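**Student:** Predicted structure and sequence below. I'll ask about it afterward.
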Amino acid sequence: MKLVIDESRCKGCNLCTMVCPYHIFQEGDRLNERGIIVPKLDRPERCPNCRLQKLYGRRLCGACALICPDQAIRWEEEKPYEKHKVVIEY
């Protein structure tokens, strides 16, 4: 699973940056097609929901998707053998 921000629905309120306990969102630095600064994903591999949802068979966090007033945050299935960054934190 991977997190996706739908830039066409996001209004740039940055609630996701404030509520995420894993700090995977950052305030954006570029305008989208509507002239809104959309948050960006900074190290989404830290999200336990993305990494462990299939293992546990249920949603583990999801605070960002719940707080989003425009339902612009969702999870998508990753394609088989899709490249993704792996970070080991101590």
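**Tutor:** Looks like it arrived, so ask away.

**Student:** what's the first-to-last distance across stretch 64-75?
**Tutor:** Start-to-end span of stretch 64-75 (C-alpha to C-alpha, to the nearest Å) is 11 Å.

**Student:** Equivalent analysis for stretch 15-27, please.
**Tutor:** End-to-end for stretch 15-27, by C-alpha to C-alpha: 10 Å.

**Student:** Any idea which helix or strand in this structure has the lowest mean pLDDT?
**Tutor:** helix 48-56 (a mean of 75; mean pLDDT, DSSP states H and E).

**Student:** Can you name every helix or strand that that helix contacts?
**Tutor:** Judged by 3 or more C-beta pairs under 8 Å, 6 or more residues apart in numbering; DSSP states H and E, helix 48-56 is in contact with strand 2-5, strand 73-76. (C-beta placed from N, C-alpha, C; glycine too.)

**Student:** how distant is that helix from the center of its chain?
**Tutor:** 14 Å (C-alpha atoms, centre = their mean, to the nearest Å).

**Student:** all helices of this protein, in order?
**Tutor:** With DSSP state H as the criterion, the chain has helices at 15-19, 48-56, 63-67.

**Student:** Residues touching the first one, excluding its own?
**Tutor:** Just to be clear, that refers to helix 15-19. Residues from elsewhere that reach helix 15-19 (C-beta atoms under 8 Å, 6 or more residues apart in numbering): 5, 25-27, 39, 63-64, 67-69, 73.

**Student:** Looking at it now, give me its mean pLDDT.
**Tutor:** In this model, helix 15-19 has a mean pLDDT of 92.
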